[in-house]
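Enquirer: what's the 3D shape of this:
(one chain, ligands or ions: 3)
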Amino acid sequence: DSHEEKAEYADCEDLCTSPMGLCDTVVGVLGGGQLGRMLCQAASPMGIKVAILDPAKDCPASAIAYQHVVGSFRDMNAVRDFAKGCGVLTVEIEHVNVETLDSLEREGGDVQPKPFTIRIIQDKYLQKVHFSQHSVPLSDFMQIDNVESLEKASHLFGFPLMIKSRCLAYDGRGNAVARCQGDLMAAVNALGGFERGLYAEKWAPFVKELAVMVARGRDSRLHSFPVVETIQRENICHLVEAPAQVSVEVATRAVRIAEQAVGSLDGAGVFGVELFLLVDGQVLLNEVAPRPHNSGHYSIEACITSQFEQHLRAVLGLPLGETSMKVPAAVMYNVLGEDEGTAGFSAAQKILRRAVSIPGASVHWYEKPDIRKHRKMGHITVVGSTMEVARARMNEILSFSGQITS
Ligand code: ATP
Ligand code: MG
Ligand code: MG
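Expert: Numbers count the residues shown, from 1 in each chain. Ligands and ions are numbered 1, 2, ... in the order given. Coordinates of the predicted model:
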């Protein structure tokens with residue numbers, strides 16, 4: 001009877017909210033940005049409960065999360081308190097307090113992917129060291145902490161030279177390019193000086209940038225999504241084409257390298273793997289994200305299982321879903337802020353309105369309370385019966401707004 005049932009579930013009261021359905025575990029997500037929001041959206045049809053920890057009251061995930069705890073994912077006490085209400089913890093951003101995740105794990109908490117993985121990835125230099133130790137092909141790189149090592153890097157790698165901040169980098173904020181000897185110190189200073197923690201990377205003369213979302217189950221088995229092409233503008237993802245228009249050989253190589261990289265990490269979840277394709281067909285790893293990724297947004301409309309559903313399945317230990325595309329082609333476009341305030345919002349609205357009039361287009365708006373130049377405000381995915389059709393549809397949306405495609 002119901003009294004007995006109650007007793008049966010009483011000892012997991014904190015973690016279980018209802019005794020039936022697919023899964024009772026509350027998934028706790030550190031971060032409530034657009035990735036957290038889309039995790040909540042994917043969770044909804046399955047009745048999975050996603051709680052988020054984010055300092056902003058009106059963050060994108062707030063309105064639709066099962067629960068929003070207002071607090072910082074960098075703060076030890078906030079993370080600890082939040083974890084008490086969750087059966088498994090995961091991240092939508094890698095810049096979190098990893099020491100706390102480490103200690104929660106030591107105390108028996110369930111964190112996916114593993115804090116070990118988040119620790120390596122959040123420091124891009126450690127990430128490069130890790131992958132080079134695992135024989136993943138990369139551009140040459142070296143730590144720079146003074147003028148001597150900077151000059152040494154420029155002699156070894158030549159120009160242009162890419163200088164990157166080790167930590168807290170996203171959307172290219174953390175990258176500076178030195179085109180010649182005279183540029184070196186300006187690039188270092190633009191990033192906040194050597195004290196920021198920098199490293200140099202040899203320029204990768206890529207012909208295309210590719211990305212692969214790789215899901216890793218709790219049994220460590222890997223399951224990849226199709227290879228996509230990403231087109232960045234000013235270091236920010238501008239367009240994604242799925243599947244990438246590359247040979248089977250190149251696509252196979254990209255998946256092999258992406259799986260080699262993710263296979264060297266630990267824990268469940270989806271991982272976004274960014275790659276460079278060189279003119280001779282060689283593929284190099286750029287970086288890995290331990291979470292859903294901008295290059296995988298197209299999967300919401302275009303794949304049998306979206307990257308967000310796959311992430312939830314992975315961290316919960318459910319079987320991973322089928323990842324193949326259910327349409328022949330898709331193109332995704334990021335709606336970035338062009339302007340601050342009302343002018344920015346109405347420019348964005350114009351393009352969204354245009355998009356909903358185009359067949360095969362789906363509009364995503366993240367409901368960020370403020371708009372800033374280059375800020376990711378939403379995205380549009382267009383599907384089509386061929387890549388040409390999908391591109392033409394996207395061009396119709398973008399030509400209207402004065403944007404030029406690839
Ligand atoms: P994300 O938002 O993807 O986390 P990020 O700030 O971590 O971006 P990176 O991915 O390191 O930055 O670099 C951003 C872009 O800069 C890349 O997508 C690529 O276009 C360019 N880039 C990065 N490293 C190199 C390199 N070694 N050679 C040439 N171009 C590069
Ligand atoms: Mg990055
Ligand atoms: Mg990147």
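Enquirer: Residue 43: how many residues sit nearby?
Expert: One way to gauge burial is a neighbour count; for residue 43, by other CB atoms under 10 Å, it gives 23. C-beta: built from backbone N, CA, C; applies to glycine.
Enquirer: pretty sure it is touching residue 51, no?
Expert: No - judged on CB atoms under 8 Å, residue 43 makes no contact with residue 51 at a distance of 10.3 Å.
Enquirer: what do those two both touch?
Expert: Common neighbours of residue 43 and residue 51, using CB atoms under 8 Å, 6 or more residues apart in numbering, are 27, 66.
Enquirer: Residues of the stretch 251-400 of the chain that sit close to ligand 1?
Expert: Applying CB under 6 Å from any ligand atom, we find that the stretch 251-400 of the chain lies next to ligand 1 at 274, 286, 287.
Enquirer: What of the stretch 101-250 of the chain?
Expert: The stretch 101-250 of the chain comes close to ligand 1 at residues 139, 162, 164, 169-172, 174-175, 201, 203-204, 209, 232, 235, as judged by CB under 6 Å from any ligand atom.
Enquirer: Now with 5 Å, please.
Expert: Listed as neighbours of ligand 1 in the stretch 101-250 of the chain under the rule CB under 5 Å from any ligand atom: 139, 162, 169, 170, 171, 172, 174, 201, 203, 204, 232, 235.
Enquirer: Which strand or helix spans the second one?
Expert: Looking back up the chat, that one is residue 162. strand 161-165 (DSSP states H and E).
Enquirer: what's in contact with that strand?
Expert: Against strand 161-165 from outside (CB under 8 Å, 6+ apart): 124-125, 139, 144, 153-154, 174-178, 184, 187-188, 191-192, 196-203.
Enquirer: What pairs with that strand, parallel or antiparallel?
Expert: When pairing is defined by DSSP bridges, strand 161-165 lines up against strand 175-178 (antiparallel), strand 198-202 (antiparallel).
Enquirer: Can you pull out the residues in contact with stretch 312-327?
Expert: 22-23, 25, 27, 39, 42-43, 46, 48, 50, 88, 90, 112, 213, 215-218, 221, 223-226, 242-243, 268-270, 299, 301-305, 309-310, 383-385.
Enquirer: In strands, which of these appear?
Expert: 27, 50, 88, 90, 213, 215-216, 223-224, 242, 269-270, 383-384 (DSSP state E).
Enquirer: how about those, which pair is most distant?
Expert: Of all pairs drawn from the ones in strands among the contacts of stretch 312-327, the widest gap by CB to CB lies between 88 and 384 and measures 37.1 Å.
Enquirer: quick one, helices of the stretch 201-350 of the chain?
Expert: 248-263, 299-302, 307-316, 341-356 (DSSP state H, counting those that start in this stretch).
Enquirer: Using PDB, list the CA coordinates for stretch 68-75.
Expert: The C-alpha coordinates for stretch 68-75 follow below in PDB (Å, rounded to 0.1, in the frame of the first residue of the first chain):
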ATOM      1  CA  HIS A  68      17.400  27.200  -9.900                       C
ATOM      2  CA  VAL A  69      19.700  27.700  -6.900                       C
ATOM      3  CA  VAL A  70      21.100  31.200  -7.000                       C
ATOM      4  CA  GLY A  71      24.800  30.900  -6.200                       C
ATOM      5  CA  SER A  72      28.200  30.800  -7.800                       C
ATOM      6  CA  PHE A  73      29.600  27.600  -9.300                       C
ATOM      7  CA  ARG A  74      33.000  29.000  -8.300                       C
ATOM      8  CA  ASP A  75      32.100  29.200  -4.600                       C
END
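Enquirer: List the buried residues of it.
Expert: Neighbour-count burial for stretch 68-75, with 16 or more other CB atoms under 10 Å as criterion, is recorded at 68, 69, 71, 72, 73, 75.
Enquirer: coming back round to it: identify, out of the helices of the stretch 201-350 of the chain, the most deeply packed stretch.
Expert: Between these, the one whose residues have the most neighbours on average, counting mean count of other CB atoms under 10 Å, is helix 307-316 (a mean of 27).
Enquirer: start to end distance for stretch 36-53?
Expert: Using CA to CA, to the nearest Å, the end-to-end distance of stretch 36-53 comes to 10 Å.
Enquirer: List the buried residues in stretch 231-250.
Expert: When burial is assessed from 16+ other CB under 10 Å, stretch 231-250 yields the following buried residues: 236, 237, 238, 239, 240, 241, 242, 243, 244, 246, 250.
Enquirer: for the record, mean pLDDT for stretch 322-341?
Expert: If you average the pLDDT over stretch 322-341, you get 97.
Enquirer: hang on, I meant stretch 90-99
Expert: Summarised as a single mean, pLDDT over stretch 90-99 is 97.
Enquirer: got it, and stretch 379-398?
Expert: Summarised as a single mean, pLDDT over stretch 379-398 is 98.
Enquirer: give the contact list for the residue lying closest to residue 75 once chain neighbours are set aside.
Expert: Taking CB to CB, 6 or more residues apart in numbering as the measure, residue 75 lies nearest to residue 97, with 6.6 Å between them; neighbours along the chain are not counted. Residue 97 sits next to 73, 74, 75, 76, 79 when contact means CB under 8 Å, 6+ apart.
Enquirer: ok so, going back, tabulate the helices of the stretch 201-350 of the chain (TSV), appending distance to residue 108.
Expert: Written out in TSV, the entries for the helices of the stretch 201-350 of the chain read as follows (distance: least, CB to CB, whole Å):
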stretch	distance to residue 108
helix 248-263	25
helix 299-302	33
helix 307-316	17
helix 341-356	45
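Enquirer: Can you pull up the most central residue in this structure?
Expert: Most central residue of the chain, judged by C-alpha distance to the mean C-alpha position with CA atoms, centre = their mean, is residue 293 at 2.5 Å.
Enquirer: what's the burial count for the spatially closest residue to that one that is not a sequence neighbour?
Expert: Across the structure, with CB to CB, 6+ apart as the measure, the residue nearest residue 293 apart from its sequence neighbours is residue 272 (2.5 Å). As a burial measure, residue 272 scores 23 neighbours (other CB under 10 Å).
Enquirer: pretty sure residue 272 is touching residue 285, no?
Expert: No - proximity of residue 272 to residue 285 does not meet the contact threshold set by CB under 8 Å, at 11.7 Å.
Enquirer: which residues of this structure score low on pLDDT?
Expert: With pLDDT under 70 as the threshold, the chain has low-confidence stretches at 1-19, 400-406.
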